[in-house]
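Colleague: Pasting the sequence and the predicted model now:
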Amino acid sequence: MIQTKPYALSKSEYAKIVLKTRLKKSWWLLLVIFICGFAFLKNFGKDSFSTFFTIFGFAYPFIVIIWIYIASILKKNNYLFQETEMAFDNEFLYFKKNGNESKIPSTNILKVVSTHLYWLLYLSKEQFIYVEKDIFFTPEDYNIFCSLIIDNK
């Protein structure tokens, strides 16, 4: 079994991940609402519907972004931000947080999203595990982990 250095997900990084994921899925809706608000701008103040829709069209995208950010850093998510220790072998990923251990078969990884700083290992459409790329003690450990997650996705 290969051990890694402890790591933790920061609140700001989690908020960025959630915002990026959500905006990738619904950017078009926010754009349509913004364009509709812009279209009603010429009638702003002339009737209540145009006034409402102009304000709504311009404010809604910003309200959604602020709401997602605040919801992602709420106190109920504190478990996500605790220090995590990871270990792995050819079949399982082992995670230890605050004395609690979990064992996940590597075959449960449905999708892997890779950035230059971390991986997101998706276990379902909405549930992912955050794993930093700089937590390995040796380059061999890093390469073994890469082959494990790529071979099983």
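Modeller: Good, I have the coordinates.
Colleague: CA only for contacts and neighbour counts going forward, please
Modeller: Fine.
Colleague: what residue lies at the spatial centre of the protein?
Modeller: The geometric centre of the chain, computed from its C-alpha atoms, lies nearest to Ile17 (Cα atoms, centre = their mean), at 3.3 Å.
Colleague: you'd agree it is in a strand?
Modeller: No: following the definition DSSP: H, G, I helix; E, B strand; the rest coil, Ile17 is helix and is not counted among the residues of a strand.
Colleague: And the helices in the protein?
Modeller: 11-39, 48-72, 139-151 (DSSP state H).
Colleague: Please state the backbone phi and psi of the residue lying farthest from the centre of the chain?
Modeller: When each C-alpha in the chain is compared with the mean C-alpha position (Cα atoms, centre = their mean), Lys46 comes out farthest, at 42.4 Å. According to degrees, to the nearest 10, the main-chain angles of Lys46 amount to phi -80, psi -40.
Colleague: what number of residues lie near Gly37?
Modeller: The burial metric for Gly37, expressed as a neighbour count using other Cα atoms under 10 Å, is 23.
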